[in-house]
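Asks: How does the following fold in three dimensions:
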Amino acid sequence: MFQTTYQHWRSDFSSPSPSDNASINRQQFINLPKLKLLNIANNSIKEISDNHFFNELEVFRCDNNQMTTINSNVVNKLTNLQVLSASNNQLQTLGPDTFAPTNKMEVLDVSSNNLTDIDRANFPRLTNLTILNVNNNSLSQEVITCDNFNNLANLNILNLAHNRISQILNCTFAKLENLSKLVLLANQLEKIPPTAFDALTKLQELDLAQNQIRDIPEGLFNHLGELKRLNMSNNMLTELDLERLSTNVNLMMLDLTHNNLTNLNLRLLKDKFPHLTVLDIDTRLIKCDEISDILTFFDSRVKSCSVSGGCCRSVSGNTLTIIIGVSVTVCLLVAISVAIICGKFCRARKEPVIVFLPVPQNQN
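Replies: Numbers count the residues shown, from 1 in each chain. Next comes the predicted model:
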């Protein structure tokens, strides 16, 4: 898969040292007609002014420059281009003819720019795309329309984090059946339609953190049978019935911190999530009897545990890890009120001593 090739290239093909190059002209590359990989990252380039470039180019990296636009007269002719990485520039829009009508583009990274629009004419030209990263821009729901995303059926990773998306429709992701990772972190979402994720049967990671979501509608996660990581921290949830996650039996990580939850039935963890390895919840949701039940249930799988920074991590690969933030006040109250009972219980059951350490509440 080309994703592996791309990652290998990113690690081996290091960026050049920063320089003061401000532009690239045709004469600099006139004798390189067979060039396949070009890295001009970490310069001060404001434009690529040539109207003819490299017909054989497959990987083009121009990150960390000062470009305000991608010259369509250049990129539009790159029919063999597979990777374009233009993050950390000053791009404001991707015009209608940015990419060649027929191309082999699999990876497009335009993260950390000033993008407010991606012309809809680009999406039918990106049918081979497997990775799309538009993180940290100013895009709204006008860009992630149903018609635009219907062309991206091969997409595997979609990063929409840190934008201005306030609405998702039932059809927004309806054609993204191969998606394995969806990041909607730090947008302006308040609600999500109950069937918005129905087509994402291969999704393994979903990040909804740092939005304004108040409710998880029934059925929202019903079709996400492969989901392993779910982050809903830093929202405005007031209640969450874990039964609504009952079809997510492969869930390994669940983060619910920094919401307005007042109650959570942790006992359901024993029956519903046999593969859960990381649980992150707020202090006020911890009830000693429920925690005891959970630890007892997982005792046969927890071989060795150490506590550091509020995290109880097992050294064995297939065991439970519970991450719980607990205040000093709670620790003192528990120690005073149940010291004798806990002492007898631990001696009788020979269970490991669990130490809760305070963790700052504003962790992401």
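Asks: Could I get the full set of helices for the stretch 1-150 of the chain?
Replies: 2-12, 72-75, 146-149 (DSSP state H, counting those that start in this stretch).
Asks: pLDDT at Leu237, what is it?
Replies: Note on Leu237: pLDDT of 95.
Asks: who are the neighbours in contact with it?
Replies: Neighbour list for Leu237: Ile213, Arg214, Asp215, Ile216, Leu256, Asn259, Asn260, Leu261 [criterion: CB atoms under 8 Å, 6 or more residues apart in numbering]. Using the backbone N, CA and C atoms, a C-beta is placed for each residue, glycine as well.
Asks: and those residues as JSON lines, adding neighbour count?
Replies: Listed next are these as JSON lines, based on neighbours: other CB atoms under 10 Å:
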{"residue": "Ile213", "neighbour count": "20"}
{"residue": "Arg214", "neighbour count": "14"}
{"residue": "Asp215", "neighbour count": "15"}
{"residue": "Ile216", "neighbour count": "20"}
{"residue": "Leu256", "neighbour count": "21"}
{"residue": "Asn259", "neighbour count": "22"}
{"residue": "Asn260", "neighbour count": "11"}
{"residue": "Leu261", "neighbour count": "18"}
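Asks: quick one: which of these is nearest His275?
Replies: Leu256 (17.3 Å; CB to CB).
Asks: and that closest one, how far is that from Leu266?
Replies: Here Leu256 is placed at a distance of 11 Å from Leu266 (CB to CB, to the nearest Å).
Asks: intersection of neighbour lists for these two?
Replies: By CB under 8 Å, 6+ apart, the residues touching both Leu256 and Leu266 are Ile281, Leu285.
Asks: Could you report the neighbour count for Thr262?
Replies: Using other CB atoms under 10 Å, Thr262 has 10 other residues around it.
Asks: For it, what are phi and psi?
Replies: Taking degrees, to the nearest 10, you get phi -110, psi -10 for the backbone angles of Thr262.
Asks: Quick check: it touching Ile281?
Replies: No: counting by CB atoms under 8 Å, Thr262 does not reach Ile281; the two are 11.9 Å apart.
Asks: and for the two, which residues touch both?
Replies: Common neighbours of Thr262 and Ile281 (CB under 8 Å, 6+ apart) do not exist.
Asks: quick one: which of the contacts of Leu237 is nearest Leu91?
Replies: For those, the nearest to Leu91 is Ile213 (29.2 Å; CB to CB).
Asks: So the closest one is in contact with Ala196, correct?
Replies: No: using CB under 8 Å as the test, Ile213 is too far from Ala196 to be in contact (11.8 Å).
Asks: ok, back up a step: for the helices of the stretch 1-150 of the chain, which has the smallest mean pLDDT value?
Replies: helix 2-12 (a mean of 44).
Asks: how about the strands in the stretch 201-350 of the chain?
Replies: Ranges of strands within the stretch 201-350 of the chain are 205-207, 229-231, 253-255, 278-281, 305-308, 311-314, 321-324, based on DSSP state E, counting those that start in this stretch.
Asks: Excluding covalently adjacent residues, which one is nearest to Leu57?
Replies: Nearest non-adjacent residue to Leu57, counting by CB to CB, 6 or more residues apart in numbering: Leu78, 5.3 Å away.
Asks: Could you pull up the contacting residues of the one you found?
Replies: Leu78 neighbours (CB under 8 Å, 6+ apart): Phe53, Phe54, Asn55, Leu57, Phe60, Ala100, Asn103.
Asks: cool, Met253 as well?
Replies: When contacts are counted by CB under 8 Å, 6+ apart, Met253 touches Lys228, Arg229, Leu230, Asn231, Leu276, Thr277, Val278, Asp280.
Asks: Now render those residues as TSV, adding neighbour count.
Replies: Formatted as TSV, the contacts of Met253 follow (neighbours: other CB under 10 Å):
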residue	neighbour count
Lys228	18
Arg229	16
Leu230	22
Asn231	22
Leu276	22
Thr277	21
Val278	16
Asp280	21
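Asks: Pipe the residues you listed into a markdown table and attach distance to Leu245 per row.
Replies: Formatted as a markdown table, the contacts of Met253 follow (distance: CB to CB, whole Å):
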| residue | distance to Leu245 |
| --- | --- |
| Lys228 | 12 |
| Arg229 | 13 |
| Leu230 | 8 |
| Asn231 | 13 |
| Leu276 | 10 |
| Thr277 | 15 |
| Val278 | 14 |
| Asp280 | 14 |
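Asks: Mind jotting down where the helices sit in the stretch 201-350 of the chain?
Replies: Ranges of helices in the stretch 201-350 of the chain, per DSSP H, counting those that start in this stretch, are 268-272, 288-297, 328-349.
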